[in-house]
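Enquirer: the following block contains a protein sequence and its predicted model.
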Amino acid sequence: MTNEKTFYITTPIYYPSGKLHLGSSYTTIACDVLARYKRLMGFDTFYLTGLDEHGMKIQRKAEEAGLTPKEYLDPMANDVKKLWKILDISYDKFIRTTDAYHEAAVQKIFEQLLAQDDIYLGKYAGWYSVSDEEFFTETQLKVVFKDEAGNVTGGIAPSDHEVEWVEEESYFFRMGKYADWLLDYYETHPDFIQPEIRKNEMINNFIKPGLEDLAVSRTTFTWGIPVKSNPKHVVYVWLDALFNYITALGYGSDDDSLFQKFWPGINMVGKEIVRFHTIYWPIMLHALGLEPPRQVFGHGWMLMKDGKMSKSKGNVVYPEMLVGKYGLDAVRYYLMREISFGQDGIFTPEDFVARINYDLANDLGNLLNRTIAMVNQYQGGHVRKVSANLLHSDWLATAATYHAAMDKFQFNSALGAVWNFIARTNKFIDEKAPWLLAKDDTKADELNGVLYHLMENLRLSATLLQPFIHTTSEKIFAQLGLDETSFAIDGVAFGYTFKNAVAIKGEPIFPRLDMKEEVAYIKEQMAAGSEKEAKAVAIAVLKKEIVFDDFDKVDLRVAEVLSAKKVEGSDKLLIFTVDAGEGKPRTILSGIAKGYPEPEKLVGEKLQIVANLAPRKMMKKYVSEGMILSAEFDGALKVLTADKNLPNGASIG
Ligand code: MSP
């Protein structure tokens with residue numbers, strides 16, 4: 001049984017399919033802020049994060065790197081843990097879906113759902129996006145490609161990723177059976193999906209049009225949890241992944257005391273995966289007789305001026321770089337302050353530097369410096385407690401706004417409330433002009449009162465800031481001469497007795513930065529970081545050593561381009577006919593469109609192709625008979641040409 005004073009918060013489990021960037025760190029920091037807040041409010045708190053390690057996407061990534069999935073994943077997992085250390089993430093558990101206890105629990109769950117006929121065996125035929133690990137109906141696709149006869153030949157998912165046609169035996173979960181229950185659950189639990197707008201999306205786009213049964217197993221690849229009673233199937237990666245939130249607490253294993261204590265918890269997720277968490281997840285839990293999560297909060301994305309971060313755009317920001325140069329608290333503060341949680345936000349180096357300069361160095365840093373300087377100068381570092389709080393109503397309003405905002409995950413408003421209080425306190429200095437009081441001996445008590453208020457307001461502010469920037473709070477406590485390194489937020493109030501002398505003026509907590517210089521630095525690092533990452537990827541794809549016989553199996557030939565065109569509707573694909581000296585031309589599809597805005601210019605070029613690659617059906621309508629060799633240059637793929645004098649079909653080796 002849960003009691004009121006427990007709190008369970010989870011991040012999505014990330015796909016370790018590349019180095020995590022500032023965007024993926026964003027949720028983890030937000031959850032960390034919440035976990036720290038709840039702990040300081042006296043809640044027994046459990047914070048879970050981890051990695052989603054199965055599925056086709058990971059299998060392909062590992063294959064590309066010439067590694068087994070496990071060889072690929074272990075260093076990735078270490079890197080992610082290192083990053084969370086750098087960002088000071090206070091998670092209680094890090095789950096990997098390849099952990100044995102999780103795999104065993106998922107197998108058990110699957111068998112139970114099968115036994116109670118919530119899962120049945122059928123055949124899946126439809127569209128699949130590997131990047132999203134998601135099935136789509138034709139109507140859900142953003143773009144549908146059709147041939148002249150009107151047959152659908154392919155399409156693009158709402159995420160802009162291309163879909164593949166999949167036809168295979170599959171287990172299905174009877175989602176449709178629970179649609180009414182789900183709508184009723186939404187109705188009776190109005191806070192279940194937050195922000196509200198995401199709930200309407202779910203109802204109107206997915207449930208009302210008819211909730212289809214979900215394919216929950218795959219047979220065409222192996223990297224997943226085998227279905228115990230039919231191991232040629234692996235469990236669909238999303239079913240596997242969603243259950244992490246309870247297997248991590250011991251559900252499905254011998255000791256489920258953490259599950260008993262902490263479930264249901266809050267699932268914090270990005271907006272594009274709200275659907276999995278608010279439709280499939282509660283239904284599967286309900287089918288097992290378990291409670292849905294207490295709440296699913298779908299936050300927005302952290303974007304760049306030119307859209308999503310991507311290596312090819314050279315706009316990727318890695319948190320390590322910012323933390324290394326500006327310190328962790330600047331980064332945590334910026335992310336939580338600048339973006340209204342729930343909505344999309346845009347990272348700009350200018351805003352980042354401005355937040356450091358104005359909020360941290362100026363408002364907070366200066367208040368601290370001025371206070372310490374005056375307390376030292378006028379009263380030898382001591383203040384005596386006064387009981388009447390002249391700014392009582394300001395403090396009450398601050399605390400009330402702060403807590404209300406924290407309860408709604410409105411981190412920017414919570415910080416805004418603290419900054420209003422800091423601004424009010426700065427204004428209080430100007431109103432009271434302690435430098436004038438200090439000149440008049442009869443005003444000594446008044447002066448002490450003013451300085452005490454400044455000290456207290458700094459302590460109160462730093463207390464409320466602990467979940468966000470606890471290192472800075474600790475520095476402030478130290479400069480205020482306090483022995484405590486942390487204060488409970490629950491019940492914190494005006495009226496502390498400062499026993500110790502105030503420390504001699506400490507280092508400024510945030511130095512002022514030169515806007516121009518730092519913006520240039522960050523931009524440079526963004527470009528360089530993206531390049532370095534691109535190179536790291538290139539090195540990572542150095543495949544395992546092979547023997548000559550392995551190489552000899554590949555039949556490489558010279559082939560002349562007879563025609564080259566864009567595949568209609570596809571941003572990536574070009575369709576070639578080539579003459580490989582065989583008397584009849586071959587068709588080859590190649591994902592190199594980006595590097596060739598005018599593909600017809602390739603006609604007459606001699607290329608190098610893999611001639612004995614098994615033909616592959618692509619986009620339903622085409623069969624690609626081979627592969628054109630290409631290499632990445634400047635973010636795009638370029639073909640490897642051959643000498644013009646070489647005859648078509650000449651063997652390369
Ligand atoms: N593995 C699934 C989640 C399974 S949870 C049972 C997945 N992984 S992911 O790595 O692709 O994304 C994980 C989370 O990171 C998502 O919530 C996604 O929204 C978030 N973000 C990735 N890039 C982001 C930004 N640029 N900004 C904010 N969040 C970002 O989906």
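Expert: All right, it came through fine.
Enquirer: how near is residue 170 to the ligand?
Expert: Note on residue 170: its distance to the ligand, by C-beta to the nearest ligand atom, to the nearest Å, is 20 Å. Every residue, glycine included, has its C-beta placed from N, CA and C.
Enquirer: apologies, that question was intended for residue 202.
Expert: Look at residue 202 and the ligand: by C-beta to the nearest ligand atom, they are 16 Å apart.
Enquirer: just give the nearest non-adjacent residue to that residue, would you?
Expert: Of all residues not flanking residue 202 in the chain, residue 278 sits nearest, at 5.4 Å (C-beta to C-beta, 6 or more residues apart in numbering).
Enquirer: what residues are up against that neighbour?
Expert: By C-beta atoms under 8 Å, 6 or more residues apart in numbering, the contact set of residue 278 is 192-193, 198-199, 202, 296, 298.
Enquirer: the same query, at a cut-off of 10 Å, please.
Expert: By C-beta atoms under 10 Å, 6 or more residues apart in numbering, the residues touching residue 278 are 182, 185-186, 192-193, 198-199, 201-203, 206-207, 267, 269, 292-293, 295-296, 298.
Enquirer: buried subset of the residues you listed?
Expert: Neighbour counting by 16 or more other C-beta atoms under 10 Å classes 182, 185-186, 192-193, 198-199, 202-203, 206-207, 267, 269, 292-293, 295-296, 298 among the contacts of residue 278 as buried.
Enquirer: for residue 321, helix, strand, or coil?
Expert: helix (DSSP: H, G, I helix; E, B strand; the rest coil).
Enquirer: and the closest residue in space to residue 350 that isn't next to it in sequence, what does it touch?
Expert: Using C-beta to C-beta, 6+ apart and skipping residues adjacent in sequence, the residue nearest residue 350 is residue 519, 5.7 Å away. Shown in contact with residue 519 (C-beta under 10 Å, 6+ apart): 348-354, 513.
Enquirer: next one: residue 519 from residue 329, what distance?
Expert: Taking C-beta to C-beta, to the nearest Å as the measure, residue 519 falls 20 Å from residue 329.
Enquirer: hang on, the earlier thing: can you confirm the residue nearest to residue 202 is in a strand?
Expert: No - read with three-state DSSP, residue 278 is helix and lies in no strand.
Enquirer: near the ligand, which residues of this structure are found?
Expert: Contact residues, the chain versus the ligand (C-beta under 6 Å from any ligand atom): 12-15, 23-24, 26-27, 52, 241-242, 244, 269-270, 272-273, 301-302, 309.
Enquirer: just the ones of these in strands?
Expert: Among the residues of the chain next to the ligand, the ones falling in strands (DSSP state E) are 269-270, 302.
Enquirer: ok, so of those residues, who is nearest residue 234?
Expert: residue 269 (23.5 Å; C-beta to C-beta).
Enquirer: ok, that closest one to residue 240 distance?
Expert: 16 Å.
Enquirer: let me know the outermost residue of this protein.
Expert: Distance from the C-alpha centroid of the chain peaks at residue 442, with 59.2 Å (C-alpha atoms, centre = their mean).
Enquirer: that one falls within a helix, correct?
Expert: Yes - counting by three-state DSSP, residue 442 is part of a helix.
Enquirer: could you check how far it is from residue 90?
Expert: Separation of residue 442 from residue 90 (C-beta to C-beta) stands at 50 Å.
Enquirer: could you do residue 525 as well?
Expert: For residue 525, the distance to residue 90 equals 27 Å [C-beta to C-beta].
Enquirer: any regions of the stretch 401-550 of the chain where pLDDT drops low?
Expert: Scanning the stretch 401-550 of the chain for pLDDT under 70 picks out the ranges 529-545.
Enquirer: and the helices in it?
Expert: Ranges of helices in the stretch 401-550 of the chain, per DSSP state H, counting those that start in this stretch, are 411-432, 434-437, 444-479, 515-540, 548-552.
Enquirer: return the most buried member of the ones you listed.
Expert: Among the helices of the stretch 401-550 of the chain, ranked by average contacts under mean count of other C-beta atoms under 10 Å, first place goes to helix 444-479 (a mean of 21).
Enquirer: what's the angle from that one to helix 411-432?
Expert: Counting by axes from the mean of the first three to the mean of the last three C-alpha atoms, to 10 degrees, helix 444-479 points 150 degrees away from the direction of helix 411-432.
Enquirer: quick revisit: which of the contacts of residue 519 fall within helices?
Expert: Judged by DSSP state H, helices contain the following of these: 349-354.
Enquirer: neighbour count and pLDDT for those residues - can I get that in a markdown table?
Expert: Output for these, formatted as a markdown table (neighbours: other C-beta atoms under 10 Å; pLDDT from 0 to 100):
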| residue | neighbour count | pLDDT |
| --- | --- | --- |
| 349 | 19 | 95 |
| 350 | 12 | 96 |
| 351 | 16 | 96 |
| 352 | 23 | 97 |
| 353 | 23 | 97 |
| 354 | 16 | 97 |
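Enquirer: so which of those is the closest to residue 46?
Expert: Residue 46 lies nearest to residue 352 out of the ones in helices among the contacts of residue 519, by C-beta to C-beta, at 31.9 Å.
Enquirer: would you confirm that the closest one contacts residue 321?
Expert: No - counting by C-beta atoms under 10 Å, residue 352 sits too far from residue 321 to count as a contact (11.5 Å).
Enquirer: any shared contact partners between those two?
Expert: Counting by C-beta under 10 Å, 6+ apart, the residues touching both residue 352 and residue 321 are 331, 522.
Enquirer: now do the SS call for residue 293.
Expert: coil.
Enquirer: and the closest residue to it other than its chain neighbours, its phi and psi?
Expert: Distances taken as C-beta to C-beta, 6+ apart place residue 267 nearest to residue 293, at 4.7 Å, with adjacent residues excluded. When read as degrees, to the nearest 10, the backbone of residue 267 gives phi -100, psi 110.
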